[in-house]
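Participant: pasting the structure only:
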């Protein structure tokens, strides 16, 4: 890994253990094992770094969400694909998923970065709105619908990594079913 | 309000805007408008204060959850009562709900306080386990089931206070329905 990735990974870990406001340059330099000149080679300031971590985590997740996405399928099949991918992404990259979910409304990330149109993320809206048109998904505000699904997955991942329960294949299927049932017509 | 409540409320606001690790004595003293002698009259240290805030918020929420709780009712009715109360509590006291939900697995709160048996909170388990016995609630790990419901409500409240959608009476009913459908058999 390069120094830039070291800085990003170390800072993401710091954010998820200590919170974004507790992050200092000295902590970043120590955790990433870089000096200030290396830091300033890549970033003007902490805000730029944090935006970059968010942008990359969201793109990483967005790409993962649409793996194997069935363009011609029912709302149920599309939802199952995206939710299954989200669960898998959360198990593989819990910090990235929980960072994006926890900070998607936070002023700590610049609005431009939070509002960016990210491949994979926009497909969630597409599934919801077309599912609503077809009468398969409940007619609620599509953003509320999305918050419901993301709330289920992110909280389930959080509980799993806190050791509250296992997320074996059966539990993952139950979680996928819960997401679909929550939003279906 | 007394000085103790001033300290608790000011610190809860600080935690929800800056994160628990960013809280310093000087910020608490300034936000609560108290001096160190007042602080130490009530608390030995910050950990004791944060535990106290968590304990009080959880009890406050637990009590609110079982308002009008129908002891002799179907799992659907019981769930609807508790979830409806949770939504209302979240709209009235968003910082308390989001604090309890965000920090329920955090080492920033002592394990003893997090694991305390709180009236109202334990009723959620009761609804789930009896609903599972009766065949009305899906047979998944009861804690996962609870994380699903809390994830839906907490994330929906977060989006509402971020201005993403309205939570009028209709949306609240949709949210209640989503919670029930997510966990029902």
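Facilitator: Right, received. Where do you want to start? What you see is a predicted model; the values in this text were computed from it and never measured.
Participant: Not counting the helix or strand of chain A with the lowest mean pLDDT itself, show me its contacts.
Facilitator: Among the helical and strand segments of chain A, the one scoring lowest on mean pLDDT, DSSP states H and E is helix A:121-133, with a mean of 92. By C-beta atoms under 8 Å, 6 or more residues apart in numbering or on different chains, the residues outside helix A:121-133 that reach it are A:58, A:61-62, A:65-66, A:69, A:75, A:78-79, A:82, A:137-139, A:142, A:145-146, A:149, A:183. For the C-beta atoms, the positions are set from N, CA and C on the backbone; glycine is no exception.
Participant: pLDDT value on the residue located most distally from the centre of chain A, please?
Facilitator: Here chain A reaches farthest from its C-alpha mean at residue A:37, the gap being 30.6 Å by C-alpha atoms, centre = their mean. pLDDT recorded at residue A:37 is 96.
Participant: Next: the one 5 residues further on.
Facilitator: Looking at residue A:42, its pLDDT is 97.
Participant: My read is that it contacts residue A:3, right?
Facilitator: Yes: here residue A:42 reaches residue A:3: they are 7.3 Å apart, a contact under C-beta atoms under 8 Å.
Participant: Which elements pack onto the helix or strand harbouring residue A:14?
Facilitator: Remark: residue A:14 resides in helix A:3-18, with elements defined by DSSP states H and E. If you count contacts as 3 or more C-beta pairs under 8 Å, 6 or more residues apart in numbering or on different chains; DSSP states H and E, helix A:3-18 packs onto helix A:25-32, helix A:36-42, helix A:46-65, helix A:94-103.
Participant: Please enumerate residues in contact with the helix or strand following the third one?
Facilitator: Right, helix A:46-65. Downstream of helix A:46-65, the next assigned helix or strand under DSSP H and E is helix A:75-92. Applying C-beta under 8 Å, 6+ apart, the contact partners of helix A:75-92 are A:60-61, A:64-70, A:73, A:96-98, A:123-124, A:127, A:130-131, A:134, A:136-137, A:149-150, A:153-154, A:156-157, A:160, A:167, A:172, A:175-176, A:179-180, A:183-184.
Participant: swap in stretch A:8-17?
Facilitator: Here stretch A:8-17 makes contact (C-beta under 8 Å, 6+ apart) with A:1, A:22-23, A:27-28, A:31-33, A:49-50, A:52-53, A:56-57, A:95-96, A:98-99.
Participant: mind redoing it with 6 Å?
Facilitator: Contact partners of stretch A:8-17, identified using C-beta atoms under 6 Å, 6 or more residues apart in numbering or on different chains, comprise A:23, A:27, A:28, A:31, A:32, A:53, A:95.
Participant: Put the buried members of those into a ChimeraX selection.
Facilitator: In ChimeraX, a selection of the buried entries from the contacts of stretch A:8-17 looks like this (16 or more other C-beta atoms under 10 Å in any protein chain shown):
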select /A:23,28,31,32,53,95
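Participant: with the contacts of stretch A:8-17 in mind, which one is nearest to residue A:114?
Facilitator: Closest approach to residue A:114 among the contacts of stretch A:8-17 (C-beta to C-beta): residue A:53, at 12.6 Å.
Participant: residues in contact with the closest one?
Facilitator: Applying C-beta under 6 Å, 6+ apart, we find residue A:53 in contact with A:8, A:12.
Participant: Drop anything exposed from the contacts of helix A:121-133.
Facilitator: Among these, those classed as buried by 16+ other C-beta under 10 Å are A:58, A:61-62, A:65-66, A:69, A:75, A:78-79, A:82, A:137-138, A:142, A:145-146, A:149, A:183.
Participant: got the buried residues for stretch A:3-19?
Facilitator: By 16+ other C-beta under 10 Å, the buried positions in stretch A:3-19 come out as A:4, A:7, A:8, A:10, A:11, A:12, A:14, A:15, A:18, A:19.
Participant: Could you dump these into a markdown table with pLDDT added?
Facilitator: Listed next are the buried residues of stretch A:3-19 as a markdown table, based on pLDDT from 0 to 100:
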| residue | pLDDT |
| --- | --- |
| A:4 | 97 |
| A:7 | 97 |
| A:8 | 98 |
| A:10 | 97 |
| A:11 | 98 |
| A:12 | 98 |
| A:14 | 95 |
| A:15 | 94 |
| A:18 | 87 |
| A:19 | 88 |
